[in-house]
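# Need a 3D model of the following:
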Amino acid sequence: MATGLLVLLDDIATILDDVALMSKMAAKKTAGVLGDDLALNAQQVTGVRAEREIPVVWGVAKGSFINKLILVPLALLISVVAPWLINPLLMIGGLFLCYEGIEKVIHSLFSKKAHAEKHTDPQQQNDETDLAAFEKQKIKGAIRTDFILSAEIVVISLGTVAAAAFMTKVMVLSIIAIVMTVGVYGFVAMIVKIDDLGLYWTKQSSSFKQKLGNALLVFAPWLMKALSVVGTIAMFLVGGGIIAHTIPLIHHFSEETSDHLEMIPTVGNIIGAITPTLINFGIGMLAGLIVFMIVTVFQKMKAKAA
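Numbering: from 1, shown residues only. As a prediction, the model looks like this:
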């Protein structure tokens, strides 16, 4: 009996070692998506009142946990029952991200006046009902975007443990889901509260802290604007990357183009390294524009029919 117990403990230790190793591998492979996830979610929660920033981030974080509670079992089920469904589902998610990105670009280019009026109307700013609705809209948008990015993280992680035992897959995906969610939204909470930290330091007696606080107050608005731009770019990069990796023809074209450009003397390595990213960005913008035109035509046809 003692021997059996030792064997059992040895098996458990082996499984835990495998889980730890595979979790590290999955974390490395999803690091790029996490950077986009961080930028996107920080950008999504901008524009709310200072005292409501943390509650909004917490609301999105709870939605993210729910997303992963749905996605992890669903991914495990699909990997067993219908593994061929994973790529089409990722493609749909990628197209949606591209569509949202191009919608933001078009809105900022052609609706600046309406956008300014919407956010500078004093009556609206004082209307608690409108502010509550604005917060709900922000949270819903962020959770919707998080769902797609979380799906990509889960699928990439699943690919890392494809050959592992079922229970190992469950443990690895669960660890990745929890750690990534806590990490991302912890950083988002820190980012959106930088200005409050700066204000706190300006009230300290130390001249160094006051200068640092003033610097943070100047830096915070620029950071949020930068995150807004980076978040939109990330939509095209992630969405275009999903499409490029899902369609073999585009994936091979990207790799072959990169290989040819790397042969250029002196600067070949640099150009070759950034080429796949630029191709993903271009594919993302093009795909988003096509989906946007289709949606616009459909909406017009629906309006005429009504």
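
# Only the buried residues of the helix or strand where Lys62 lies, if you could.
Remark: Lys62 resides in helix 53-81, with elements defined by DSSP states H and E. Residues 53-54, 56-57, 59-61, 63-65, 67-68, 71-72, 75-76, 78-79 are the ones in helix 53-81 that count as buried (16 or more other CB atoms under 10 Å). Every residue, glycine included, has its C-beta placed from N, CA and C.

# do the same with stretch 281-294
For stretch 281-294, by 16+ other CB under 10 Å, it's Phe281, Ile283, Gly284, Met285, Ala287, Gly288, Leu289, Val291, Phe292.

# Report the backbone C-alpha coordinates of it in CSV.
Provided in CSV are the C-alpha atoms of stretch 281-294 (Å, rounded to 0.1, in the frame of the first residue of the first chain):
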residue,chain,number,x,y,z
PHE,A,281,-1.6,45.3,-40.4
GLY,A,282,-2.5,45.7,-44.1
ILE,A,283,-4.6,42.5,-44.2
GLY,A,284,-6.4,43.7,-41.0
MET,A,285,-7.2,47.1,-42.5
LEU,A,286,-8.4,45.6,-45.8
ALA,A,287,-10.5,43.0,-44.1
GLY,A,288,-12.0,45.5,-41.8
LEU,A,289,-12.9,47.8,-44.7
ILE,A,290,-14.5,45.0,-46.6
VAL,A,291,-16.6,43.9,-43.6
PHE,A,292,-17.5,47.6,-42.8
MET,A,293,-18.8,48.1,-46.4
ILE,A,294,-20.8,44.9,-46.2
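
# Distance from the chain centre to it, please.
18 Å (CA atoms, centre = their mean, to the nearest Å).

# Could you pull up the mean pLDDT of that stretch?
Averaging pLDDT along stretch 281-294 yields 92.

# contacting residues around it?
94-103, 106, 233, 235-241, 243-244, 250 (CB atoms under 8 Å, 6 or more residues apart in numbering).

# Which members of those residues are classed as buried?
94-103, 233, 235-241, 243-244, 250.

# so of the residues you listed, which ones are in helices?
By the criterion of DSSP state H, membership of the buried ones among the contacts of stretch 281-294 in helices covers 94-103, 233, 235-241, 243-244, 250.

# Okay, now the unreliable bits of the stretch 51-200 of the chain?
51, 111-129, 131, 159-160, 162-163 (pLDDT under 70).

# Spit out the contact partners of His251.
His251 neighbours (CB under 8 Å, 6+ apart): Ala244, His245.

# Show me what counts as buried in stretch 267-284.
Quick answer for stretch 267-284 (16+ other CB under 10 Å): Ile271, Gly272, Thr275, Pro276, Ile279, Asn280, Phe281, Ile283, Gly284.

# Can you convert those into TSV and add a column each for secondary structure?
Converted to TSV, the buried residues of stretch 267-284 look like this (DSSP: H, G, I helix; E, B strand; the rest coil):
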residue	secondary structure
Ile271	helix
Gly272	helix
Thr275	helix
Pro276	helix
Ile279	helix
Asn280	helix
Phe281	helix
Ile283	helix
Gly284	helix
